[in-house]
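J.: A structural model of the following input is requested.
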Amino acid sequence: MGDGSETAGRNGTKTGQATPGTGAADEPEAWLAQAIVRESSEAVVAADPDGIILVWNGGAERMFGHTAAEAVGQSLDLIIPEKQRARHNKGYEQTMATGRTRYGDTLLGVPATHKDGHRLSIEFTVALLRDAAGRIAGISAIMREVSERRATEKALRMRLAELERRFPDPEPEPESEPEGMVP
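T.: Predicted coordinates for the structure are as follows:
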């Protein structure tokens, strides 16, 4: 598509951008959903039940360094650090088998891998995707890169710990009864 947003059709071929519809009540507004994903500055990624990437927008291209053409059709392992893959895959398979995720309404923070190999800190939310019959069709994630913020927070925690070592809290003075009060 050239705009950094690609999706795979039912047969695995890459599809183009949908065009705005007539607005008729019975017409699916797929163009609107695609425009939202395409124009989002956040990374939007969707994968099928096997963990194969189906949607990869421009935000994902900027965050992870892979173009949509490189990512669509690949495993999510593309962005998951090797040390976390077994744990991720176990949880992913369980979610696909049960149709339940404990992370649906929780902001998650995890490491990820950029195309050039450097580590990223990301935060994301997930949503299970179901087909018209209610079967699990995959999962989507909306992600934000927070490496700089995490590094700043870590530096602040280290500085605070250093200051607490250098200037320990004095022993608290015992509370005294106010004047004129008899215990």
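
J.: State the pLDDT value of R165.
T.: On pLDDT, R165 comes in at 88.

J.: got it, and V126?
T.: On the pLDDT scale, V126 gets 92.

J.: quick one: which helix or strand includes it?
T.: Per DSSP states H and E, V126 falls inside strand 119-130.

J.: Buried residues in that strand, which are they?
T.: Buried residues in strand 119-130, defined by neighbour count with 16 or more other C-beta atoms under 10 Å: 120-126, 129. Every C-beta, even on glycine, is put in place using the N, C-alpha and C of the backbone.

J.: and the nearest residue to F64 once chain neighbours are set aside, how far is that from P111?
T.: Nearest residue to F64, sequence neighbours excluded (C-beta to C-beta, 6 or more residues apart in numbering): I79, at 5.3 Å. Per C-beta to C-beta, to the nearest Å, I79 is found 10 Å from P111.

J.: Would you mind telling me which of the two has more residues around it?
T.: A count of neighbours by other C-beta atoms under 10 Å puts I79 above the other of I79 and P111, at 26 against 15.

J.: what residues are up against the more buried one?
T.: Residues in contact with I79 (C-beta atoms under 8 Å, 6 or more residues apart in numbering) are 45, 64, 66, 112-113.

J.: If you rank these by neighbours, which is first?
T.: Of these, with other C-beta under 10 Å as the count, V45 tops at 27 neighbours.

J.: Thanks a lot, see you next time.
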